[in-house]
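*Asks:* heads up, no residue letters with this:
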């Protein structure tokens, strides 16, 4: 039988362990991800994260990006303006579309970029959730377009960006929200990147799945311009 002092120490240990065992919100699993995007276009790159490794990807930071239960997870420290990028693809890609499903569990910012060259920025999409509810198309730090986009946390959303010539079209949940021409002709080619960003909220736990890059026919591009 424990003495009063031993009982007190045991109680203190249980309480201490219970308060430091983890962050339930941060560790919460997202809902099941959607079925993979189907396309008849030529597939340049695809990953459904059914394998635990990140073969074919390159991260700018260790310990941020992991595969968990068949989906890609990025988790950043709770500090404002923290960010990390996960890169894939070829520097020779020109006209293509990037499709993916994304689910934020904590924070507001989540996004992707196309025509990314190593060590340089590309054309980026920032899908901002609670407190913002919008989508922004950026050329480096300069906004090219912005639209209202309701995108709650703990829900999967499908994002597609098409890069044809200097025209960029952004779809959120199959709705065309941004259609812009880059008058600066800043990016001609490059790979892709996925983003994790804490922003001013100071939080970011985000999941990605069903990443697919498909080629866009240059003849079709001329017909739509």
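*Replies:* Looks like it came in fine. Worth saying up front: this structure is predicted, and the values here are computed from it rather than measured.

*Asks:* so what does the helix or strand where residue 103 lies touch, helix or strand wise?
*Replies:* Using DSSP states H and E, residue 103 maps to strand 96-106. Counting contacts by 3 or more C-beta pairs under 8 Å, 6 or more residues apart in numbering; DSSP states H and E, strand 96-106 packs against helix 24-27, strand 109-116, strand 157-164, strand 205-215. (C-beta placed from N, C-alpha, C; glycine too.)

*Asks:* Could I get the full set of helices for this structure?
*Replies:* For the chain, applying DSSP state H gives helices covering 4-20, 24-27, 218-224.

*Asks:* Lowest average pLDDT across those?
*Replies:* Mean pLDDT is lowest for helix 4-20 out of the helices of the chain, coming in at a mean of 38.

*Asks:* got any ranges where the protein has weak pLDDT?
*Replies:* For the chain, residues meeting the criterion pLDDT under 70 lie at 1-22, 119, 218-225.

*Asks:* can you rerun that using 80?
*Replies:* Within the chain, the stretches with pLDDT under 80 are 1-22, 37-40, 118-120, 217-225.

*Asks:* returning to what we had before: can you list the strands that the strand holding residue 103 pairs with?
*Replies:* Strand pairing for strand 96-106, using DSSP bridges, gives strand 157-164 (antiparallel), strand 205-215 (antiparallel).

*Asks:* Looking at these, spot the one closest to residue 176.
*Replies:* strand 157-164 (9.1 Å; C-beta to C-beta).

*Asks:* ok so, going back, can I get the helices and strands packed on strand 96-106 in JSON lines including distance to residue 191 and mean neighbour count?
*Replies:* Formatted as JSON lines, these follow (distance: least, C-beta to C-beta, whole Å; neighbours: other C-beta atoms under 10 Å):
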{"stretch": "helix 24-27", "distance to residue 191": "29", "mean neighbour count": "11"}
{"stretch": "strand 109-116", "distance to residue 191": "5", "mean neighbour count": "25"}
{"stretch": "strand 157-164", "distance to residue 191": "11", "mean neighbour count": "22"}
{"stretch": "strand 205-215", "distance to residue 191": "9", "mean neighbour count": "22"}
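
*Asks:* Quick check: which of the ones you listed is nearest to residue 69?
*Replies:* When the helices and strands packed on strand 96-106 are compared by C-beta to C-beta, strand 205-215 sits nearest residue 69, at 9.7 Å.

*Asks:* tell me the angle of that closest one relative to strand 109-116?
*Replies:* Angle, strand 205-215 to strand 109-116, by axes from the mean of the first three to the mean of the last three C-alpha atoms, to 10 degrees: 30 degrees.

*Asks:* Begin at 703, not 1, for the rest of this chat.
*Replies:* In the new numbering, first residue 703, that becomes strand 907-917.
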